[in-house]
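*Asks:* Take this sequence and fold it.
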Amino acid sequence: MEAGDELPPLEIPITRTLIVAGAIASRDYQDVHHDAELARQKGSPDIFMNILTTNGLVGRYITDHFGPTAELRRVAIRLGAPNYPGDTMVLTGRVEEVDGDTATVRVIGANGIGKHVTGTVTVTVSAAEGPV
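*Replies:* Prediction:
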């Protein structure tokens, strides 16, 4: 891995099931993540993904690329445009810095209305195995 390396994009279809399952798995029972009518009453056009699901998807993106020896050291993300059902989020990444077996990767997840997530992930990869 070298600074400047681009990770291949990962397309994630945003389904109701993904949004609701992610909220339940992370014990986030806020109605805006599972009840479309209550979400609309609160000003949202539909239910939307929570940050914990997004965080997990960003982690998956990095570990899928760097392989089974990858260890996430730091994940720093910020949410932007909501992920609504029926859209697709495309995750992209670029290695910003490499220090030995540790890399800092800039990640962006964009959907049809803008950037859903931006941030950086610091990952350590064992010398025995590199990126897949």
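*Asks:* Check the offset of stretch 55-71 from the chain's centre.
*Replies:* Relative to the centre of its chain, stretch 55-71 is centred 10 Å away, using Cα atoms, centre = their mean, to the nearest Å.
*Asks:* quick one: contacts of that stretch?
*Replies:* 1, 7-8, 10, 12, 22, 26, 72, 75, 77, 89, 91, 93, 103, 105, 107, 109, 117, 119, 121, 123-126, 128-132 (Cβ atoms under 8 Å, 6 or more residues apart in numbering). In this view, the C-beta of every residue, glycine as well, is placed from N, C-alpha and C.
*Asks:* now swap in stretch 85-97 and tell me
*Replies:* By Cβ under 8 Å, 6+ apart, the list of residues contacting stretch 85-97 from outside reads 1-7, 9-16, 19, 46-47, 57-58, 61-62, 65, 83, 103-113, 116-117, 120-121.
*Asks:* Just the buried subset of these, written out for PyMOL, thanks.
*Replies:* Restricted to the buried members of the contacts of stretch 85-97, where burial is judged by 16 or more other Cβ atoms under 10 Å, the PyMOL selection command reads as follows:
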select buried, resi 1+7+10+12+14+19+46+47+57+58+61+62+65+83+103+104+105+107+108+109+110+111+116+117+120+121
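*Asks:* Okay, now stretch 44-59: how far is its last residue from its first?
*Replies:* End-to-end span of stretch 44-59 (Cα to Cα, to the nearest Å): 27 Å.
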